[in-house]
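Undergrad: fold the following, please.
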Amino acid sequence: MRNAFYSEELNRMYEGLNLNEYVVGTYLVGAEPEEDPIIKAASIAIEQTTGSWADIPEETPELREKYAAKTIGIYEVPDYENVMNLKGVETRWFILRIAYPAALFDNNLPLMMASVVGNIAALPNLKLIDIEFGSEFAKDFQGPKFGTEGIRKRLNIYNRPLLNNMIKPCTGYTPEVGTKLFYEAAVGGVDVIKDDELISGDRAFNRIEDRVKLNMAAVDKAKAIKGEDTLYACNITDEIQNLKQNAMKVVENGGNCIMVDVVSTGLSALRALAEDPEITVPILAHACGGGALFTSQYQGMSSHVLNKLIRLCGADIVVNSSPYGKFDILHSKYMAITKALTGKFYDIKPSMPLYGGGVIPAVVKRILTDAGLDCILGVGAGIHAHPMGPQAGAIAMRQAIDAVLEGKALSNVAAEKPELKAAIEVWGDADDDLSGNYLI
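TA: The predicted structure is shown next:
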């Protein structure tokens, strides 16, 4: 009798399924040399769908055919063909592709996550490196309400990258102190100003209503001078039962953007905010804490998978790190994140990537070479620690953006721009030999 682990119910060719009806998880998996990868993959498929570690009487072939996950790809790296090649090998590494029937979870994101990266996440040497969503699952998700185009329309800015600032100090300040810093950044030319991820909800020293009212007044004051609007992303992160109330405090007090720490509150919380018709402002998502999910090369999930999920759940702007600052992120990973946020994804709008973590004038050219114009440059200390003050810090960043778009070397422009000159003196100049088309 044929081993059930090798059966058609658990193993299919890619071409043997209508993948629109499945969600496909791709995993990096380590195995002992003597382990059978077909059985290992089928064991994962059964464990995460219809069965368990032992045969269950009611788990019939008919049930498995309809509801069990299917292995659609097993690829070993390196691609051993002969037994003798395994001499001395301690761990074999496989890419496993397992397709989960969307009918198992329909419009239920937590259940989908429990299936694709549930109990198996506790196994050693197993990392989810991609998820592909069939149209049957993705169709129920609205995605970003505004997206890149909507953000640009709100600000009436179409021909350059946007500039972001986060208030520093991160927390502990009063609304009165915060709004002074906010105004300096806004009038200097910042387009999106956000709370730090470490201040949110109502704090005893800083209530939502107070900081929204003061900061939106600063938006109007700065607009009268610079002729441009500013989005204020007020951080509403809180216990889940308080999120809607916090969001409505922002909206009802004239706020024009909200922010949420998406890993700590949860993807479904983000989705609920994005799909709520009463929440009429864009959402900025910060994935602080996400490193616990993706930093290990052998466990968790890849960073671009998390960002794909954040986009699916409706974030209009998503904060990430650039590889040119204080975080040690691979360039290829940062580009994979960019693709996950901006690439074609059925009819789901692109999220606007915000790159932070040590952004200064010297790295503007690098980021625009990588991402083009549809991105946001996130600058914290590069504005607030500018030797001439936050307004000058913002002006210096805008001068750097203009110089790059005009194809001019920062050092040449700085000769006539004291704000940019001061920034370069503190943090250094750009690599002027970089080239690229920034108008794509």
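
Undergrad: alpha carbons only for contacts and neighbour counts from here, please
TA: OK.

Undergrad: give me the phi and psi for K70.
TA: Main-chain dihedrals, K70, degrees, to the nearest 10: phi -120, psi 130.

Undergrad: repeat that for G356.
TA: Dihedral angles (degrees, to the nearest 10) for G356: phi -130, psi -160.

Undergrad: is it bridged to anything, and to what?
TA: S321 (DSSP bridges).

Undergrad: wait, it touches Y324, no?
TA: No. Assessed by CA atoms under 8 Å, G356 is found out of contact with Y324, at 9.3 Å.

Undergrad: pLDDT weak spots in the stretch 51-200 of the chain?
TA: 53-54 (pLDDT under 70).

Undergrad: more neighbours: which of G356 and Y324?
TA: Higher neighbour count among G356 and Y324: G356, with 24 against 21, using other CA atoms under 10 Å.

Undergrad: what sits against the more buried one?
TA: Taking CA atoms under 8 Å, 6 or more residues apart in numbering, we find G356 in contact with V319, N320, S321, S322, G325, L377, G378, V379, G380.

Undergrad: skipping adjacent residues, who's closest to the fourth one in space?
TA: Spelled out, it's S322. Y355 (5.3 Å; CA to CA, 6 or more residues apart in numbering).

Undergrad: also L330?
TA: That would be P323: by CA to CA, 6+ apart, it lies 6.3 Å from L330.

Undergrad: still on that earlier bit, what is the burial count for the residue nearest to S322?
TA: As a burial measure, Y355 scores 26 neighbours (other CA under 10 Å).

Undergrad: ok, now the one 5 residues further on?
TA: The burial count assigned to I360 is 27, neighbours taken as other CA under 10 Å.

Undergrad: wouldn't it be in contact with R398 here?
TA: No. Using CA under 8 Å, I360 is not in contact with R398; the gap is 10.8 Å.

Undergrad: if we can go back for a sec, what is the nearest of the contacts of G356 to D106?
TA: V319 (28.6 Å; CA to CA).

Undergrad: my read: the closest one touches A287, true?
TA: Yes. Under the criterion of CA under 8 Å, V319 makes contact with A287 at 6.7 Å.

Undergrad: now do K249 against R92, distance only.
TA: 54 Å (CA to CA, to the nearest Å).

Undergrad: buried set for stretch 206-223?
TA: For stretch 206-223, a neighbour-count test (16 or more other CA atoms under 10 Å) marks 206, 208-223 as buried.

Undergrad: how about the helices of the stretch 201-350 of the chain, start to end?
TA: 208-226, 243-252, 262-265, 267-274, 291-294, 303-312, 331-342 (DSSP state H, counting those that start in this stretch).

Undergrad: of those, flag the one that's most buried.
TA: Using mean count of other CA atoms under 10 Å, the stretch among the helices of the stretch 201-350 of the chain with the largest mean neighbour count is helix 303-312, at a mean of 24.

Undergrad: now for that one, which elements pack on it?
TA: Contact partners of helix 303-312 among helices and strands, from 3 or more CA pairs under 8 Å, 6 or more residues apart in numbering; DSSP states H and E: strand 126-133, helix 267-274, helix 291-294, strand 317-321, helix 331-342.

Undergrad: is it possible to get JSON lines of these that adds distance to D36?
TA: Below are these laid out as JSON lines (distance: least, CA to CA, whole Å):
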{"stretch": "strand 126-133", "distance to D36": "16"}
{"stretch": "helix 267-274", "distance to D36": "35"}
{"stretch": "helix 291-294", "distance to D36": "27"}
{"stretch": "strand 317-321", "distance to D36": "39"}
{"stretch": "helix 331-342", "distance to D36": "31"}
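
Undergrad: ok, of those, where does mean pLDDT dip lowest?
TA: With a mean of 90, helix 291-294 has the lowest mean pLDDT of the helices and strands packed on helix 303-312.

Undergrad: so how far is that helix from its chain's centroid?
TA: With CA atoms, centre = their mean, to the nearest Å as the basis, helix 291-294 stands 12 Å off its chain's centre.

Undergrad: same question, stretch 227-239
TA: 18 Å.

Undergrad: quick check: mean pLDDT of that stretch?
TA: 98.

Undergrad: in that stretch, what's buried?
TA: E228, D229, T230, L231, Y232, A233, C234, N235, I236, T237, D238.

Undergrad: which one of those residues sits closest to P418?
TA: E228 (22.4 Å).

Undergrad: ok, the closest one touching R152?
TA: No. If you go by CA under 8 Å, E228 and R152 don't touch, sitting 11.8 Å apart.
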